[in-house]
Structures are given as C-alpha cells and as structure tokens.
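> Predicted model, plus sequence, below.
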Amino acid sequence: MSERNLNNLVGLFTQKTLLLLCCLLLISATPVQQRVVFADTIIGAITQRIGNYDMEMKTLPQTPIVNTNSKIQLRIGSVEGDELVDIPIVIRISKGGEELTRTNPISVTYGHFIFPYKFNQTGVYSLDIDVYDTSYNSQNITFTFPITVDSPFMSFFTFSQPLSPTSLEVVIIAVSIISGAVGTVYIRRKLM
C-alpha cells in the first residue's frame, strides 16, 4: 500500500476517533433529570420500613475503611413522606454480637442525623437504631443495618464512591485517546 493511502487511512481513523470523542462529551454534558419522591431523601441509601416509619442509612465513604473517619447519615420519616421533628433515637454499633458503641438518646431534628464513627477492624458491623416511638403507638422500634468495613489495601479494588460526571468524562477522554493511539499504530504496522 502506498504512503499516500496509508496517510489517508490514518487521517480517516483519527477523524472518526475525534468525532466519537466529541459525541461522547456531548452526551455526558447533557443534563439528566432525576425523579425524587421526597426532596430530602438520601441518594444511594439503604431503606427500611417498620410500622409508620421509613429509615434511610448511608455511610460516607460507601465502604468505610479501617481507622479512617467515617460518617453514618440517617434519615427518619413517616411512610407518608413527612419529616418527623425531634424524634428520640439511640444508636448502637456492634460486631460479632459484642456491642462496641451506644449513644445516649439523641433528638433527631427534622428527620436527619449524621453520626461520625471510626471503625477499628475489618468485617461486618451491625448498626442498630432504636426509635422511641412517641408519635404513633408509644413502642420502641429497632432498625438494623449491616456495615462492611474494608482494609486500606482492599479499598483500591472497590469503588467506594460512584464516579462523578467530571470523573466519567476524564475516563472517557483517556480511553478514547489511548484507543485512538493504539488503533493508529496498529493500522500503520498492518499496512506497512
């Protein structure tokens, strides 16, 4: 194959790669509408419903790391979606049946609470939230959530947070550039 045909083929491949990259960037920049049932739910939380209560729990980071500060986000609301004001709760954290932490009663203002905690071992912990029901039937309700804690080494192999749109664009650009370069080298070697 002649040098001229080779250059035309490489130029065509480069143009198509750039066109694909532009299309991917345009698609990733397009706003996406999200449907949220209640304005203040916790995105990506684990949800449980007991009686007239909905409880949501999410850890930050998504998979806590040993000996690193973590946050446990809680939201409590009624099944109708109303925010409950000044609900008393007690938070208990245990591992292997042994209770590690117990708070005094906490008044949850407007249904939201953030509890900072540092896990000191890997494994699965149990997060129990005791709700002192004063609104509906004056009974105590316990919500139980599992929390998996990883070592710093294992955290490299799991995504603890979803990719943001900016991070996703960077990954798409990097993959496009690398695939374009590899494709160009492959075509040049194949045609020579």
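It's in.
> Only the buried residues of the helix or strand where Gly77 lies, if you could.
Element membership for Gly77 (DSSP states H and E) is strand 69-78. Under the neighbour-count criterion of 16 or more other Cβ atoms under 10 Å, strand 69-78 has 70, 72-77 buried. For the C-beta atoms, the positions are set from N, CA and C on the backbone; glycine is no exception.
> Show me the two of the residues you listed that sit farthest apart.
Taking Cβ to Cβ as the measure, those reach their widest spread between Ser70 and Gly77, a distance of 23.1 Å.
> got the angle between the very next helix or strand once past the strand holding Gly77 and strand 69-78?
Remark: after strand 69-78, the chain's next helix or strand is strand 87-95, criterion DSSP H and E. Here strand 87-95 runs at an angle of 140 degrees relative to strand 69-78 (axes from the mean of the first three to the mean of the last three Cα atoms, to 10 degrees).
> Give me the sheet partners of strand 87-95 and which way each runs.
Paired with strand 87-95 in the same sheet, following DSSP bridges, are strand 98-102 (antiparallel), strand 106-108 (antiparallel), strand 123-132 (antiparallel).
> what comes into contact with the next helix or strand after the shortest one?
Read that as strand 106-108. Proceeding N to C from strand 106-108, the next assigned helix or strand is strand 112-118, under DSSP H and E. Strand 112-118 is contacted from outside by 40, 67-76, 89, 91, 93, 101, 103, 106, using Cβ atoms under 8 Å, 6 or more residues apart in numbering.
> One more pass at 7 Å, please.
With contact meaning Cβ atoms under 7 Å, 6 or more residues apart in numbering, strand 112-118 is reached by 67-75, 91, 93, 106.
> quick one: which of these is nearest to Glu56?
Within these, the smallest distance to Glu56 is 4.2 Å, found for Arg75 (Cβ to Cβ).
> Now the closest one. Nearest residue, chain neighbours left out?
Once flanking residues are discounted, Arg75 sits nearest to Glu56: 4.2 Å by Cβ to Cβ, 6 or more residues apart in numbering.
> which residues touch the one you found?
If you count contacts by Cβ under 7 Å, 6+ apart, then Glu56 has 41-42, 45-47, 74-75 around it.
> How is it assigned, secondary-structure-wise?
Following DSSP: H, G, I helix; E, B strand; the rest coil, the label given to Glu56 is strand.
> and what of Ile141?
Under three-state DSSP, Ile141 comes out as strand.
> Can you give me the distance of it to Leu191?
The spacing between Ile141 and Leu191, counted by Cβ to Cβ, to the nearest Å, is 71 Å.
> With neighbour numbers in mind, choose between those two.
Shown here are Ile141 and Leu191; by other Cβ atoms under 10 Å, Ile141 has more neighbours (19 against 13).
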